[in-house]
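Colleague: this is a predicted model, with the sequence first.
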Amino acid sequence: MTLAARDVSWSAGGRRILNGVSVTAPAGGVLGLVGPNGSGKSSLLRLLGGLRRPDAGDVLLDGRPVSRVRRAELARRLAFVEQHSATEMQLRVRDVVSLGRTPHRGAWGGWTPADEAAVAAALETTGMTGRAGQSWSTLSGGERQRVQVARALAQEPREILLDEPTNHLDIRHQLELLDLLRSLRTTCVIALHDLDHAAAFCDCIAVLDRGRLVTQGLPAGTLTPGLIRDVFAVEATQRYDRHGTLRIDFTVAPPPARHRSLQAHCRSKPEDDRRSGSDSRQETYGHLS
Ligand SMILES: Nc1ncnc2c1ncn2[C@@H]1O[C@H](COP(=O)(O)OP(=O)(O)OP(=O)(O)O)[C@@H](O)[C@H]1O
């Protein structure tokens, strides 16, 4: 066991946000936190990361209350990727990633080859090597997200907490990031909205609803159609894809009839039809004549 919350409660603004929540991250594995908006995922991540103290209960790191772990040790071994990381605007990408090495350097410690190697590896892993010299302020949302992940990886943590890390990422980078996190030996706790991604990439799932833990367990046993209906109010089914990976499909109502004519407008331009040798022009544009 590395990281766990035991019966934690936390209040803010005169309201109970988390109520007696217990979760355990599998050592070296990926724990996915899922739940509707406002269910307490980010709040629980902050308690797990030692950024906030629970009003009741304990966060345990290797069985020790996190409040008793020295701040320096915590800063070295635990990395946090927040949803909206604020970083000084004038920094370059390499500088931001290098901040991940700060906890490893003593008061008078210089920059070492080990620091250099960790930063280079983190840039490479996240596909940002070519952007190392670019100003942070000029990056797109998805690039910033990848740089924040690179900064966390450069820290070489034993535990990494990520709040919606796939936000802003295109689908390839979403899948690559989740695959990367799964491949690390680092214990990961990830708040995720995409239940299909949670099913496919997490070893263990904790479902939160209105500040309480509904269940924690293996993806197939937790993300059941019944639970998804109860907690998220949508219909879903489980299936296994051709690789044997659990996937979650959602039932979407069929489009209203008028959408068929709207879709016809979008199908293709006449020039595209000529290029592709298609004879669909009459079918596509017939309604305009
Ligand atoms: N400092 C605070 N003061 C008052 N209310 C807070 C505070 N922090 C969080 N909350 C409230 O606690 C609830 C849980 O917030 P939290 O951000 O943990 O949820 P979440 O599950 O991460 O939501 P989302 O999926 O929308 O990101 C929300 O209703 C939020 O408004």
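Modeller: Good, I have the coordinates. If you're wondering where the values come from, they're calculated on a predicted model, not measured in any experiment.

Colleague: may I have stretch 43-52 as CSV, with CA atoms only?
Modeller: Taking C-alpha atoms only, stretch 43-52 is exported to CSV below (Å, rounded to 0.1, in the frame of the first residue of the first chain):
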residue,chain,number,x,y,z
SER,A,43,-11.2,17.9,-3.3
LEU,A,44,-10.2,14.3,-2.5
LEU,A,45,-7.1,14.6,-4.8
ARG,A,46,-6.1,17.7,-2.8
LEU,A,47,-6.5,15.8,0.5
LEU,A,48,-4.5,12.8,-0.9
GLY,A,49,-1.8,15.2,-2.1
GLY,A,50,-1.5,16.8,1.4
LEU,A,51,-2.6,20.2,-0.1
ARG,A,52,-5.5,20.2,2.3
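
Colleague: now that stretch: mean pLDDT?
Modeller: For stretch 43-52, mean pLDDT rounds to 95.

Colleague: same thing with stretch 19-39?
Modeller: So the average pLDDT for stretch 19-39 ends up being 97.

Colleague: return the set of buried residues in that stretch.
Modeller: Residues of stretch 19-39 classed as buried: 19, 21, 23-26, 29-35, 39 (neighbour count, 16 or more other Cβ atoms under 10 Å). For every residue, glycine as well, the C-beta is placed using N, CA and C.

Colleague: would you map out the domains in the protein?
Modeller: Domains of the chain are assigned by automatic domain parsing as 3-220+244-249, 258-288.

Colleague: got CSV for those, with distance to the ligand too?
Modeller: Below are the domains of the chain laid out as CSV (distance: least, Cβ to the nearest ligand atom, whole Å):
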stretch, distance to the ligand
domain 3-220+244-249, 3
domain 258-288, 30
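
Colleague: least reliable of those domains by average pLDDT, please.
Modeller: domain 258-288 - the lowest mean pLDDT of the domains of the chain, at a mean of 57.

Colleague: returning to that earlier point: of the buried residues of stretch 19-39, which pair is most distant in space?
Modeller: N19 and G29 (25.7 Å; Cβ to Cβ).

Colleague: R6: which element?
Modeller: strand 3-12 (DSSP states H and E).

Colleague: and after that strand, which helix or strand comes next?
Modeller: strand 15-25.

Colleague: what's that next one packed up against?
Modeller: Packing contacts for strand 15-25, counted by 3 or more Cβ pairs under 8 Å, 6 or more residues apart in numbering; DSSP states H and E, involve strand 3-12, strand 30-34, helix 41-48, strand 56-61, strand 187-191, strand 204-209, strand 212-217.

Colleague: repeat the analysis, applying 6 Å as the threshold.
Modeller: For strand 15-25, the packing partners by 3 or more Cβ pairs under 6 Å, 6 or more residues apart in numbering; DSSP states H and E come out as strand 3-12, helix 41-48, strand 212-217.
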